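no FASTA, just this:
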C-alpha cells in the first residue's frame, strides 16, 4: 500500500462521510464555546464545512508530508482567512489551533471503522492524518503571529512619523516634550523636527522636556548634545528639563559633558529661566 | 570617458572598481580648479535627490564631497571624482571615488583623527567627512597618490 | 568679476549669500567685507545665510575669519538664518564657528547687534 493509495482512500473516505464527520466536529467545537452568538455559531459551521471539503479533496493529491505544496494552497488560504476572522472576533491563537486539532477525533473514528481489518494501514493512515492536522494547527498560529507582527511594524512606523508635539509657552519659547523610549532612529527624526520647529516659529529658546523618557543611552545622549549644538549654531538655545534621578546617574556614568547646557529638574523651572532670558518676569497681581 | 580620466590621473587603485557589481551610471568629473568643486556639488545633489535621500543626508553627502574634492585639488595636485549610483538589491545609494596622484597621506591615523581649527588650520578634515557618510575607504601610497571612496545609502 | 553685494544700513553692513560660492568668490567676499568695514566705519556685520543649503569647512573658516577681522576693526558679526540641515552637518563635521554670534533671522540679528552695541 503506497502513500498515494492511502491518500486516495483517506480522501474518498472523508468525502463519503463528510456530513457525519462534519457534524461530529461541529458538536465538539460547540461544546468548547463558552460564549457564542448564533451568528458566531453559524460562522463556525461554515468554517468547518469549508475546511473539511477542501481538506478532503486536497488529501487526494497525495502530498501528505508537505503542506506548502501547491495542492494545499486552497486549504492554506482558507485557514489564513479563518484565522484572521477568528482573530478579529477575539479568538486566541490556541483556540484557532484547537479548531484544527479537534478534527482528529471524528476522523480517527471514521478511519477506525473503515480500516478495521487492516491494522497496518490504519496505523499509517492515522499517523498521516494526525501529523497533517498538527502541521495545519501550527500553521494557524504562525498566521496569527505574522498578522500581529505586521500591526506592530505599522504602529512603529506611525510612531516614528508622528511629529514631535510642540507647545508654544510664550513668545519665543517652545516646549518640546519627548515621550517614550528613544531609539537612535527615532531620536534623529525627533531632533530634526525640533530644529525645524525652531526655524518655523522663530523661537529662541526650546525647552526639551524628557520627563516622559524612561531611559537614555549613550547614543541618545549624543544626539541630544548634537541637537543642542545645532540649535546654537542656528541662533537658538535649548534647555533640558525633566531629568529624573536615574537619567542623571546614567548621564554622569556615560561621561556626557553637560557643562554648557542648562538643565532643570522641571519644565516649570525651565520656563522661568527661559522667561528671564527673554527679559520677561512673572509677578503676582494683587487683588484689591 | 572613465578610462581616459583615470589614465590621466595615473593612480592605480582597487577602490575604483570595488562596487563594480553594484554600480550603474558612473559619471566622471575632473577636479582641477575651484569651479569644478561647485560643479561636483551640483551633480552630487542631483544624484542624491534622484534616489530620495532626506534633506539632512543630502546636505551631509554634498558637504563631504565638497571637502574631499577640495582636498584632491589642494593637496593632491588635482585629480578626478567618479560619481556612481549604487544598489545592493535592497536599497539605493550614491558612491563617490576621489582620486589623485599627489604626494599621498603619510600619517593616515593622524589625518583621520584631525579636527578642524578655525582661522586657517591645515586640517584635512577627513575625520569629519568620515562621520558624514556611511562608508569611507582610503587607499593612499606616499609619493604615488590617494583614492578615497565614500558611500551614502538611502535610509 | 562676480561679487556678492554688500548693503550698508547706517553703521551696519548686510550681506546676503544666495549662490553656491566657489572658494575664490568666498575669499573675495572676505576681502570686500573687511575693506567696507573700514571704509564705512561699520560697527556691525550681518551675514544672511538663509539661502545657503551648504556650508563646508572653507565657507565656515571664511565666516570665522571675517568675524575675527571685524572684531579687530571693532565691529560685531552676526550670522543669521542657518538652515537646520546645515547646522546638523556642521556639528557632525566638528566645525564650531567660534567667535561668531548667530541669530535665527535678520530681524533678530539686528536686535542682537543693537543690544551688543548698547543702542
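Okay, I see it. All values reported here derive from a predicted model rather than from experimental measurement.

residue A:28 belongs to a strand?
No: Residue A:28 sits outside any strand when classified using DSSP: H, G, I helix; E, B strand; the rest coil, being helix.

enumerate the residues of chain A near chain B.
Proximity of chain A to chain B (Cβ under 8 Å from any Cβ of the partner chain) is limited to residues A:185, A:192. Just so you know, the C-beta spots here come from the backbone N, C-alpha and C atoms, and that holds for glycine as well.

any idea which helix is longest in chain A?
Longest helix of chain A, by residue count under DSSP state H: helix A:119-161.

what's the first helix or strand after that helix?
Moving toward the C-terminus from helix A:119-161, the first helix or strand encountered (DSSP states H and E) is strand A:167-170.

hmm, that next one touching chain C?
No: if you take Cβ under 8 Å from any Cβ as the test, strand A:167-170 misses chain C, and the best it gets is 14.8 Å.

and the helix or strand just after that strand, does that touch chain C?
Sequence-wise, the next helix or strand downstream of strand A:167-170 (DSSP H and E) is strand A:173-179. No: shown here: strand A:173-179 not in contact with chain C (Cβ under 8 Å from any Cβ), separated by at least 11.9 Å.

the next helix or strand along the chain from strand A:173-179 near chain C at all?
With elements assigned by DSSP H and E, the helix or strand that comes after strand A:173-179 is helix A:184-201. Yes: using Cβ under 8 Å from any Cβ, helix A:184-201 reaches chain C at A:191, A:192, A:195, A:196, A:198, A:199.

isn't the third one right up against residue A:230?
Which is residue A:195. Yes: Residue A:195 lies in contact with residue A:230 (Cβ atoms under 8 Å); the separation is 5.8 Å.

for whichever residue of chain B sits closest to chain A, list the residues it contacts.
Across chain B, the shortest distance to chain A (Cβ to the nearest Cβ) belongs to residue B:56, at 6.0 Å. When contacts are counted by Cβ atoms under 8 Å, 6 or more residues apart in numbering or on different chains, residue B:56 touches A:192, C:84, C:85, C:88, C:89.

so what's the residue count around residue A:90?
The number of residues packed near residue A:90 is 9, by other Cβ atoms under 10 Å in any protein chain shown.

now swap in residue B:85 and tell me
Number of residues near residue B:85 (other Cβ under 10 Å) recorded here: 17.

also residue A:75?
If we define neighbours as other Cβ under 10 Å, then residue A:75 has 22 of them.

that one contacts residue A:54, correct?
Yes: between residue A:75 and residue A:54 there is a contact under Cβ under 8 Å: 4.8 Å.

tell me who's in contact with the residue of the stretch 51-200 of chain A found nearest chain C.
Proximity to chain C, evaluated over the stretch 51-200 of chain A using Cβ to the nearest Cβ, is greatest for residue A:195 at 3.7 Å. Contact analysis of residue A:195 by Cβ under 8 Å, 6+ apart lists A:227, A:230, A:231, A:234, C:84, C:87, C:88.

secondary structure element for the nearest residue to residue C:42 once chain neighbours are set aside, which one?
Once flanking residues are discounted, residue C:42 sits nearest to residue C:13: 4.8 Å by Cβ to Cβ, 6 or more residues apart in numbering or on different chains. Under the criterion of DSSP H and E, residue C:13 resides in strand C:12-16.
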